[in-house]
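Chemist: Pasted the sequence and its predicted model underneath.
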Amino acid sequence: QVQLVESGGGLVQPGGSLRLSCVVSGFPLKAYAIGWFRQAPGKRREGVAGINTSTSTAFYADSLLGRSLVSRDLDKKTVYLQMDNLNTEDTGIYYCARRERWNGAWYDLSDYEYWGQGTQVTVSS
């Protein structure tokens, strides 16, 4: 059974950092790319980062470029999203997902099939 479970969210002050984790099971992590997505209140879900787990090639949305790092630990079957210098616009529910198709760009939601339940990130003073 394919499962993705996110954790690591929470309440953080502006300028702070968080590291999100996505633990996968039911499939070999190295065989699939993983994406991180964010859904802010009242907004559509959007891609924020992704990683090709076989090569560790990473992709970032402009909003996170330069202040985030996506990585993976194959032994722990975990993908991480380290986010620094957080601001209020980073608030939202963060999801990881397994990429099934390569029809669009790495942030194209339609290419992803299996999703985690999400973890809430709130940036507020």
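Modeler: Yes, it's here.
Chemist: alpha carbons only for contacts and neighbour counts from here, please
Modeler: Noted.
Chemist: What's opposite the residue nearest the centre of the chain in the beta bridge?
Modeler: Nearest residue to the geometric centre of the chain (C-alpha atoms, centre = their mean): Trp36, 2.2 Å. Beta-bridge partners for Trp36, by DSSP bridges, are Ala49, Cys96.
Chemist: From Val48, how far off is it?
Modeler: Distance, Trp36 to Val48, using C-alpha to C-alpha, to the nearest Å: 6 Å.
Chemist: just Arg99 next, same as before
Modeler: For Arg99, the distance to Val48 (C-alpha to C-alpha) stands at 14 Å.
Chemist: For this structure, which segments are assigned as strands?
Modeler: Under the criterion DSSP state E, strands of the chain are mapped to 3-7, 10-12, 18-25, 34-39, 46-52, 57-60, 68-73, 78-83, 92-99, 112-115, 119-123.
Chemist: buried ones in the third one?
Modeler: The neighbour-count check on strand 18-25 (16 or more other C-alpha atoms under 10 Å) flags 18-24 as buried.
Chemist: now the shortest one
Modeler: When neighbours are counted by 16+ other C-alpha under 10 Å, the buried residues of strand 10-12 are found to be Val12.
Chemist: Thanks again, I'm all set now.
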